[in-house]
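> sharing a model that was predicted from the sequence below.
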Amino acid sequence: MEMKKCSRIVFGVLFFLFLVGCAGPVVREATKVDMSLPVGQMQGDQFIGNRYPFKLTVPPGWQASSEYPKFLLQLGFDKEGLEDSQVFVFNPETQSNLQIDFSPAGQHAKFNQKTMEWLTTAAEGSFKEEFEKEFGKGAGVTVSSTQPYSLKGVPYAAKNFGTYTRKGVKTEHGWIYAFAEPYQIFIIYLLLEKEGKNDRQDIKAIIDSFEYIGKK
């Protein structure tokens, strides 16, 4: 599938919808990110963030990098969009992968669980629209319902995903939108189910190992 639109449209919709109506009192100081810091590095089986305060565990056979794997271009991802993501975790053999983005929240932005779920659901419509635009109305994508999601150190998070079969490969394309002061956190994953592989289990383990270690 040509993923460049379906992936970035999720982030784009979440950014746009959240910015609408965000005027009001200042609730936090402007967040300054030291872009001179490396995004992070591997320590044993963990990727530890430097630029942003988080960590996650990388399963055997998977890799984590601040540079996108070249196969994502072959899958149809847009190079410019990939360069916006800070961390990539991927299985080079199966090409299943996750993209992780951090974005400082605006000074006026307020968050709660209901807001996260509403925004995550809003991205569902755009995901399906872009999919059908690419492959037609009868292309056969099934979008799940938004559910709250638990991430370590994160007070508010929600998840949704779409499933489809492309070139005989059952695929799940999911997105998680989360907030932990002072950052919006976006996780997009692409699960390519291959016989004899444990990518579904591995992706769940990676996401469940994610921990925000900044302000509580």
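That came in fine, so what should we check first?
> C-alpha only now, for contacts and for neighbours.
Fine.
> mind listing the helices for this protein?
Assignment of helices within the chain using DSSP state H yields the ranges 3-19, 71-74, 79-82, 113-135, 199-209.
> what is the mean pLDDT for the first one?
The average of the pLDDT scores along helix 3-19 is 46.
> same thing with the second one?
Rounded to a whole number, the mean pLDDT of helix 71-74 is 83.
> what's the pLDDT at the residue lying closest to Gly153 once chain neighbours are set aside?
The spatially closest residue to Gly153, leaving aside those adjacent along the chain, is Tyr212, at 4.9 Å (CA to CA, 6 or more residues apart in numbering). Per-residue confidence (pLDDT) for Tyr212: 97.
> and Gly106, what is it in contact with?
Arg28, Ala30 (CA atoms under 8 Å, 6 or more residues apart in numbering).
> quick check: it vs Pro25, distance?
When CA to CA, to the nearest Å is applied, the distance between Gly106 and Pro25 equals 11 Å.
> what of Ser103?
Distance from Ser103 to Pro25, counting by CA to CA: 20 Å.
> with Ala158 instead?
Taking CA to CA as the measure, Ala158 falls 26 Å from Pro25.
> between these two, who's got more neighbours?
Each of Ala158 and Pro25 has its neighbours counted (other CA atoms under 10 Å); Ala158 has more, 24 against 10.
> now that one, nearest residue through space, not along the chain?
Once its chain neighbours are removed from consideration, Ala158 has its nearest residue in Pro148; the separation is 4.2 Å (CA to CA, 6+ apart).
> which ones are touching that neighbour?
Shown here is Pro148, whose contacts under the criterion CA under 8 Å, 6+ apart are Gln113, Glu117, Tyr156, Ala157, Ala158, Lys159.
> what sits opposite the last one in the beta ladder?
Each beta-bridge partner of Lys159 is listed here, defined by DSSP bridges: Gln147, Ile176.
> so where's the protein uncertain?
Along the chain, the model assigns pLDDT under 70 to residues 1-23, 134-139, 215-216.
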